[in-house]
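>>> give me a 3D structure for the following:
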Amino acid sequence: MSDHPSPYSLRRRLLLWLMIPLGLVAVLAMMDSYFNARETATEAADRVLTGSVLAISERVYVNDDGKLEVDIPYVALDMLTSAAQDRVFYRIDGPDNIFVTGYHQLPVPEFEQKAEQRGTVRFADITYKQDSVRIAVMQSAASSGLHSIPYRVSVAETTVARQKLTQEILIRSALRQLLLVLSAAIIVWFAVTRGLRPLHKLEAAIGRRSLDDLRPILHHVPQEVGGLVQRFNDFMVHLSGAIQALKNFTGNASHQIRTPLAIIRTQITLASRAETLEEAKASLQTCNNAITDAERTLSQLMLLARVDARSSQTLTNAQINLSHVAREVTMGLVPQAASMGFDLGFEGEDDLHCKGEAILVGELLKNLLDNAIKHATGGDEITVRVTAATKDGTKWTRLEVQDNGVGMPKDALALIERFKRPEQSINGSGLGLAIAQEITTLFGGQMCIQTPPTKTGTLVQIDFRRSF
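Model (predicted):
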């Protein structure tokens with residue numbers, strides 16, 4: 001089974017994350033519509049109930065015997081029965097809730113009685129004969145001229161009509177909400193599809209490229225995708241540099257390894273035909289020297305490939321202590337120089353910093369010293385210096401490698417080229433100075449080769465911008 005998760009649709013995810021909140025809003029809107037519909041239906045029906053209670057209350061009077069009588073206005077009750085499925089009940093009570101007329105079994109809820117609340121209609125939901133009923137109750141009093149007699153009017157109505165009105169309002173509201181949701185869904189789908197169109201165009205543009213086309217993508221993309229395209233372009237630049245470095249390494253290696261292999265093959269043949277042990281040893285020693293040169297060449301080629309790869313990248317503002325790096329490299333090569341008959345030493349200021357990478361700058365110095373050890377014929381001293389310098393108002397950190405050999409031509413720097421050796425040299429691959437030149441250029445430095453003030457030998461001078 002593959003460890004990679006299965007691909008998913010960005011369009012579906014966007015639609016899902018947009019439609020889920022929209023659906024929740026629609027549900028909340030439906031709940032709000034339901035409560036509003038029920039409140040609207042209830043208020044409309046309660047106004048009719050209030051009208052009936054007031055109409056009946058106006059017909060309550062005190063007769064000549066001092067008792068309450070009611071002339072029921074049945075027209076007021078007919079207003080409540082406009083819906084055939086609803087039924088209407090009423091009840092009038094006298095002082096101390098003594099039943100006067102109406103439906104005797106109609107339960108009337110008890111409300112708190114206050115003098116200032118007389119004439120106020122109150123509502124309650126009750127159950128009567130297993131039906132849900134809405135009842136309106138009003139406390140009032142009828143005057144006989146000498147005194148007043150309190151009474152209570154109650155009018156109740158089943159809730160079928162108001163429930164039906166609530167449903168009708170809710171259905172109409174639901175249809176409107178559904179139409180809005182569907183319209184919003186269609187708009188969102190088209191918006192997401194149109195918004196993702198640049199990605200499809202980018203995919204098509206990349207798909208039309210050949211496999212060896214590693215140029216940066218210049219296709220116009222939205223701002224949100226610009227960062228991704230920029231990272232992809234950076235990767236393409238790095239990949240192009242790495243591939244080019246690999247090509248250079250492969251070509252250079254095939255060019256440089258061919259000669260040592262030919263030497264080794266020839267010397268092995270000579271050793272197999274040698275008539276004396278001394279001849280065989282001499283051939284094997286030549287093989288060993290060829291292998292040593294091949295190892296050094298491969299090491300330089302790998303370093304050169306690394307420099308080629310880094311030259312295509314945006315270098316960071318890394319800082320190094322050049323004095324510290326130069327001293328360590330110099331001390332590490334003292335034994336090798338001594339074995340070749342050179343007195344290698346270091347002099348200069350401490351804690352001089354510059355822009356660069358310790359590993360690459362160290363390799364630069366190793367190549368210069370290796371070049372001096374192998375090619376400074378006729379000399380016996382090699383000196384490494386790190387000093388501060390100022391040119392045209394700019395502060396530099398200067399690295400120098402000086403020997404007292406026969407020297408190099410004045411135009412040696414202009415003639416530096418990969419695999420080209422100075423005319424005075426018979427050893428090496430010609431990569432040392434080329435590597436030093438390329439590393440110098442990589443970090444924005446300046447390199448020159450000149451004759452030292454002593455008029456003998458060679459002085460290689462490299463300036464790096466001082467960091468602080």
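>>> rounded mean pLDDT for stretch 156-168, please.
Mean pLDDT, stretch 156-168: 87.
>>> buried sites along it?
A156, E157, T158, T159, A161, R162, Q163, L165, T166 (16 or more other C-beta atoms under 10 Å). C-betas here are computed from N, CA, C, even on glycine.
>>> got those residues as CSV, with secondary structure and distance to F342 columns?
Shown next, in CSV, are the buried residues of stretch 156-168 (DSSP: H, G, I helix; E, B strand; the rest coil; distance: C-beta to C-beta, whole Å):
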residue, secondary structure, distance to F342
A156, strand, 121
E157, strand, 120
T158, strand, 119
T159, coil, 113
A161, helix, 116
R162, helix, 112
Q163, helix, 110
L165, helix, 110
T166, helix, 106
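>>> quick one: L270 and K281 touch, right?
No. Under the contact definition of C-beta atoms under 8 Å, L270 does not touch K281, with a separation of 11.3 Å.
>>> so which of the two has more stuff around it?
L270 (16 against 12; other C-beta atoms under 10 Å).
>>> so that one belongs to a helix, correct?
Yes. Counting by DSSP: H, G, I helix; E, B strand; the rest coil, L270 is found in a helix.
>>> buried ones in the longest strand anywhere in the chain?
Counting residues, the longest strand found in the chain (DSSP state E) is strand 131-143. For strand 131-143, burial by neighbour count (16+ other C-beta under 10 Å) applies to V133, R134, I135, A136, V137, M138, Q139, S140, A142.
>>> which one among those residues gets closest to Q230?
Nearest to Q230 out of these is R134 (C-beta to C-beta; 69.3 Å).
>>> so which residues of the protein form strands?
For the chain, the strands defined by DSSP E cover 60-62, 68-70, 88-93, 99-102, 121-128, 131-143, 148-158, 319-321, 343-348, 353-355, 381-391, 394-403, 446-450, 458-465.
>>> make JSON lines from these and add distance to L18 to it.
Formatted as JSON lines, the strands of the chain follow (distance: least, C-beta to C-beta, whole Å):
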{"stretch": "strand 60-62", "distance to L18": "63"}
{"stretch": "strand 68-70", "distance to L18": "64"}
{"stretch": "strand 88-93", "distance to L18": "51"}
{"stretch": "strand 99-102", "distance to L18": "59"}
{"stretch": "strand 121-128", "distance to L18": "42"}
{"stretch": "strand 131-143", "distance to L18": "42"}
{"stretch": "strand 148-158", "distance to L18": "45"}
{"stretch": "strand 319-321", "distance to L18": "50"}
{"stretch": "strand 343-348", "distance to L18": "67"}
{"stretch": "strand 353-355", "distance to L18": "50"}
{"stretch": "strand 381-391", "distance to L18": "63"}
{"stretch": "strand 394-403", "distance to L18": "58"}
{"stretch": "strand 446-450", "distance to L18": "59"}
{"stretch": "strand 458-465", "distance to L18": "53"}
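>>> of all the ones you listed, which one comes closest to F35?
Set against F35 and scored by C-beta to C-beta, those come closest in strand 121-128, at 15.6 Å.
>>> parallel or antiparallel, list what pairs with that closest one.
Strand pairing for strand 121-128, using DSSP bridges, gives strand 131-143 (antiparallel).
>>> from L298, how far out is L360?
Distance of L360 to L298, given as C-beta to C-beta, to the nearest Å: 18 Å.
>>> so which of those two has more stuff around it?
Counting neighbours by other C-beta under 10 Å for L360 and for L298 shows that L360 has the greater number, 20 against 17.
>>> wait, that one sits on G445?
No. Taking contacts as C-beta under 8 Å, L360 lies outside contact range of G445: 11.2 Å.
>>> which residue ranges make up the domains of the chain?
When the chain is parsed with automatic domain parsing, its domains come out as 25-166, 223-310, 319-465.
>>> okay, those domains in TSV with distance to A191 next?
Compiled in TSV, those are given as follows (distance: least, C-beta to C-beta, whole Å):
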stretch	distance to A191
domain 25-166	17
domain 223-310	14
domain 319-465	49
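>>> closest to R12 out of the ones you listed?
Among those, if distance is taken as C-beta to C-beta, the winner is domain 223-310, at 18.3 Å.
>>> average pLDDT for that closest one?
Average pLDDT, domain 223-310: 76.
>>> distance between that domain and the chain's centre?
Domain 223-310 sits 41 Å away from the centroid of its parent chain (C-alpha atoms, centre = their mean, to the nearest Å).
>>> same thing with stretch 19-33?
Computed by C-alpha atoms, centre = their mean, the chain-centroid distance of stretch 19-33 equals 31 Å.
>>> contacting residues around F464?
By C-beta atoms under 8 Å, 6 or more residues apart in numbering, the contact list for F464 reads 322, 354-356, 361, 396-399, 440, 443-445.
>>> which neighbours do L360 and G445 share?
By C-beta under 8 Å, 6+ apart, no residue touches both L360 and G445.
>>> for the closest residue to V192 other than its chain neighbours, give its distance to V25.
Nearest non-adjacent residue to V192, counting by C-beta to C-beta, 6 or more residues apart in numbering: L14, 4.8 Å away. According to C-beta to C-beta, L14 and V25 sit 17 Å apart.
>>> so which of the two has more stuff around it?
Neighbours per residue, other C-beta under 10 Å: of L14 and V25, the larger number sits with L14, 17 against 14.
>>> pLDDT below threshold where in the stretch 51-200 of the chain?
In the predicted model, the stretch 51-200 of the chain carries pLDDT under 70 at residues 75-85, 113-117.
>>> between the longest strand of the chain and strand 88-93, how many degrees?
40 degrees (axes from the mean of the first three to the mean of the last three C-alpha atoms, to 10 degrees).
>>> CA atoms only for strand 131-143, dumped as PDB, please.
Below are the C-alpha coordinates for strand 131-143, written out as PDB (Å, rounded to 0.1, in the frame of the first residue of the first chain):
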ATOM      1  CA  ASP A 131     -57.900  20.100  22.600                       C
ATOM      2  CA  SER A 132     -55.300  22.800  22.800                       C
ATOM      3  CA  VAL A 133     -57.100  26.000  23.500                       C
ATOM      4  CA  ARG A 134     -56.000  29.700  23.600                       C
ATOM      5  CA  ILE A 135     -58.000  31.600  26.200                       C
ATOM      6  CA  ALA A 136     -58.400  35.400  26.700                       C
ATOM      7  CA  VAL A 137     -59.500  36.600  30.200                       C
ATOM      8  CA  MET A 138     -60.500  40.100  31.300                       C
ATOM      9  CA  GLN A 139     -61.500  41.300  34.800                       C
ATOM     10  CA  SER A 140     -64.000  44.200  34.900                       C
ATOM     11  CA  ALA A 141     -67.000  45.500  36.800                       C
ATOM     12  CA  ALA A 142     -70.600  46.600  35.900                       C
ATOM     13  CA  SER A 143     -72.100  49.600  37.700                       C
END
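>>> mind listing what T166 touches?
Y34, A37, R38, T40, A41.
>>> returning to that earlier point: nearest to S173, out of the domains of the chain?
In terms of C-beta to C-beta, the element of the domains of the chain nearest to S173 is domain 25-166, at 3.9 Å.
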